[in-house]
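Undergrad: After the sequence you'll find the predicted model.
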Amino acid sequence: MHHKKHVRLSLLFLCFMYLYIPSFKAQNDSLIKVFTSKQSADSAKIKAAIKLCMSFSSNDPDSCILLSTKAIELSNKSGFSKYIPILYKLKGVAYVNKSDYKKSLDMYFDGIKAAERENNVKEIAAIYSNIGVNFWYQKDFKTALKYHTKSLEKRLILGDAKDISKSYNNMGTVLVDLGDHQKAIECYNKALKIKDSIGDKIGIANAQNNIGIVYEKLKKYNEAKRCYEKALAIFMNEEDKRGVLVCLTNLGIIYKQEQKFALAMDYGKRALKIAEEIDDQEDVKNAFELLALSSYKLNNYKDAYDYLHSYTIVSDSLKNENVFEEMQELEKKYQTEKHEQEIILLAKDNKLKGFEIDHHKTNRNYLLLIIVLAFIIIIVAGFTFKKISKQNKILKLNKINIEQKNTILEYQKKEIIDSINYAKRIQYSLLANEDFIAENIAEQFILFKPKDIVSGDFYWAAKAGNKFFLAVCDSTGHGVPGAFMSLLSIGFLSEAIKEKDIFEPSSIFNYVRKRLIENISKEGQKDGFDGILLCINQDTHQITYSAANNAPMLISNGSVTVLPIDKMPVGLGERKDDFKTYTINYLQGDNLYLYTDGYVDQFGGEKGKKFKSKQLTEVLKTNSRLALDDQKVILTTTFEQWKGKHEQVDDVCIIGLKL
């Protein structure tokens, strides 16, 4: 089994089934006829069922469970008990693919009992291996290692080199998760040695790739690259596209970590092409992520937008079937160029005016000379005419030059504005849809006022089963850098809930913080966001939340409660504690407000001071009994009146909810 990118950090190359039959429709139809025919012998029916279960266990586990159940009954009835262990094993695999690990274990243990009755050591070893996989999926790595070790012991007795190498490979994988990298490399090398001795090319490539991943975890990038390149060469020679895809992705990530972004782009594009060819959307998503971050580092901002947008779209579409100081430099660069062009234009304009003044003075002086000395004026007039013509030519050329620079400046400005507007369309497509929020929370308002075209503040919502999530967050910076941070953060929030099945607010924030630090804070940048994430259980009506620096406000019968928070950002900060999940105790009809700091930090009023939290609390408290739509109008009017002629200093986002 190849090491896919979406599990590359978990390093799982576990062999779920040691046999695999391609699911060809014609072959399956033929097998179904054998199994259902009254003329077929019982042994033929059972063998057909086994082959069908191998085909169905992954893509149609329910059919596999039904078939294996009937085949077990037939085996018991007809006395073919030797087939029962493998049927229980396949039934267990089907339950794993339905994420029903308890029933899977029941099937595996029934399979072991049946195999022991038949003294079938090979099947006992195979089922022990599958039990190890089961516990790995549940992140019980110690128990997983225990069963992989038991599997190895049985396989060593049998002496089957291929199966022994699989056990070493599986043990290496689990040892990596346990943090014992040295023993993991030892196991992988044992697997590699066996694969080499039996001429298993694909097995050799998988082992090299696994060893490379361990070296990468140890930050031994040169050793890791050597392993990946060896694996890549074999996969290419064997025309194994999935193996090639894995190695290209892993090499691209290494080059990104080494800040060799052009090479990372090259490997990322090659990986994307293959992922699209084999229609592996998980790896398509991972390639887009690699390309987005590498493009950003190479200052290819439009490409970075496109790749990040594609990453988010693919990530959202999976649903469980899963950068930014340079951006500030982009905005600064634009502002600097704009100011420089304005200075140049001003200088040219002053020069032009100077020429015009000289021109008028010259005319006046010659007029006086004409009055005094007509003869001299006639002579001088000739020279003056030539001089004026020359000056007019210079003025004309200067004017053309200024117009050209104006045109260039306008074009550059338009390009930048177009790119930012393009980013706005992307960002707004990823913000929570107001209709979606209204479907889940009947009474609410959203006040959203970006400082610039795009915003670092964002609000986002998702639903998983009976749980509705709502986030209000303030990314590092505003404008273009803030917008990029918001897109990345939305992607990771979505990934946590929709792909990783993380539903606890604190665990979601912990996961997003880990992803942000891995991707953008390796050089110490403290980029991330402050924010609040609500989780509303729509069955029990319990509301829990996590809060990073920003505090929710609850108003009940005119009484204001500022709810507790964790004083640390979602990102690299001074503290690295786990976030807490808090529960909100409320009465029906209470108001809950989630907001960023843009409103309270706004300068204005008669003395040009900040609005401050105290005033916002008073505005919310005074108007808390009004309809939420009216509250939004009052908040908007109050903000505009306070701001007056002052520039808006930050993005503004406030959401009010009637509980």
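TA: Done, it's in.
Undergrad: Output the lowest mean pLDDT helix or strand found in the protein.
TA: Lowest by mean pLDDT, DSSP states H and E among the helices and strands of the chain is helix 325-372, with a mean of 48.
Undergrad: Which stretches in the stretch 151-300 of the chain count as strands?
TA: Counting by DSSP state E, counting those that start in this stretch, the stretch 151-300 of the chain forms no strands at all.
Undergrad: In contact with the closest residue to residue 185 other than its chain neighbours: list those residues for me.
TA: Excluding the flanking residues, the one nearest residue 185 by CB to CB, 6 or more residues apart in numbering is residue 214, at 5.4 Å. Every residue, glycine included, has its C-beta placed from N, CA and C. Contact analysis of residue 214 by CB atoms under 8 Å, 6 or more residues apart in numbering lists 11, 172, 176, 181, 184, 185, 188.
Undergrad: list the buried ones in stretch 115-133?
TA: Residues of stretch 115-133 classed as buried under the neighbour-count rule (16 or more other CB atoms under 10 Å) are 115, 120, 122-133.
Undergrad: that older thread, which pLDDT does the model give the residue nearest to residue 185?
TA: For residue 214, the pLDDT comes out at 92.
Undergrad: now swap in residue 16 and tell me
TA: pLDDT recorded at residue 16 is 36.
Undergrad: One more: the one 10 residues further on?
TA: Reading off the confidence values, residue 26 has pLDDT 57.
Undergrad: So residue 52 is in contact with residue 28, correct?
TA: Yes: Residue 52 lies in contact with residue 28 (CB atoms under 8 Å); the separation is 6.3 Å.
Undergrad: Show me which of the two is the more surrounded one.
TA: residue 52 (25 against 19; other CB atoms under 10 Å).
Undergrad: Over to the closest residue to residue 455 other than its chain neighbours: give its phi and psi.
TA: Excluding the flanking residues, the one nearest residue 455 by CB to CB, 6+ apart is residue 651, at 4.5 Å. Per-residue torsions, residue 651: phi -70, psi 150 (degrees, to the nearest 10).
Undergrad: Tell me the spacing between residue 651 and residue 584.
TA: Using CB to CB, to the nearest Å, we find residue 651 at a distance of 25 Å from residue 584.
Undergrad: Equivalent analysis for residue 561, please.
TA: Relative to residue 584, and taking CB to CB, residue 561 is found at 9 Å.
Undergrad: list the buried ones in the helix or strand residue 48 falls within?
TA: Using DSSP states H and E, residue 48 maps to helix 42-59. With burial defined by 16+ other CB under 10 Å, the residues of helix 42-59 counted as buried are 45-58.
Undergrad: For it, which helices and strands make contact with it?
TA: Contact analysis of helix 42-59 by 3 or more CB pairs under 8 Å, 6 or more residues apart in numbering; DSSP states H and E lists helix 25-36, helix 61-78, helix 84-97 as its packing neighbours.
Undergrad: Report the inter-axis angle for that helix versus helix 84-97.
TA: Angle of helix 42-59 versus helix 84-97, following axes from the mean of the first three to the mean of the last three CA atoms, to 10 degrees, is 20 degrees.
Undergrad: And the average pLDDT for helix 42-59 is what?
TA: Computed over helix 42-59, the average pLDDT equals 84.
Undergrad: about what we covered before: give me the distance between the residue nearest to residue 185 and residue 207.
TA: 11 Å.
Undergrad: for residue 172, same thing?
TA: Remark: distance between residue 172 and residue 207 (CB to CB) = 9 Å.
Undergrad: And residue 608, by the same measure?
TA: 68 Å.
Undergrad: before we move on, what about residue 558?
TA: Distance, residue 558 to residue 207, using CB to CB: 68 Å.
Undergrad: just to revisit the earlier point, looks like the residue nearest to residue 455 contacts residue 472 (just checking).
TA: No: using CB under 8 Å, residue 651 and residue 472 do not qualify as a contacting pair, with a distance of 11.3 Å.
Undergrad: can you list residues touching both of those two?
TA: Common neighbours of residue 651 and residue 472 (CB under 8 Å, 6+ apart) are 457, 596.
Undergrad: Just the CA trace of stretch 234-242, in PDB.
TA: Listed next in PDB are the C-alpha coordinates belonging to stretch 234-242 (Å, rounded to 0.1, in the frame of the first residue of the first chain):
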ATOM      1  CA  ILE A 234      11.500   2.600  -8.800                       C
ATOM      2  CA  PHE A 235       7.900   3.700  -8.900                       C
ATOM      3  CA  MET A 236       8.500   5.500 -12.300                       C
ATOM      4  CA  ASN A 237      10.200   2.400 -13.700                       C
ATOM      5  CA  GLU A 238       7.300   0.200 -12.500                       C
ATOM      6  CA  GLU A 239       4.800   2.800 -13.900                       C
ATOM      7  CA  ASP A 240       3.200   3.000 -10.500                       C
ATOM      8  CA  LYS A 241       1.400   6.400 -10.600                       C
ATOM      9  CA  ARG A 242       0.300   6.400  -7.000                       C
END
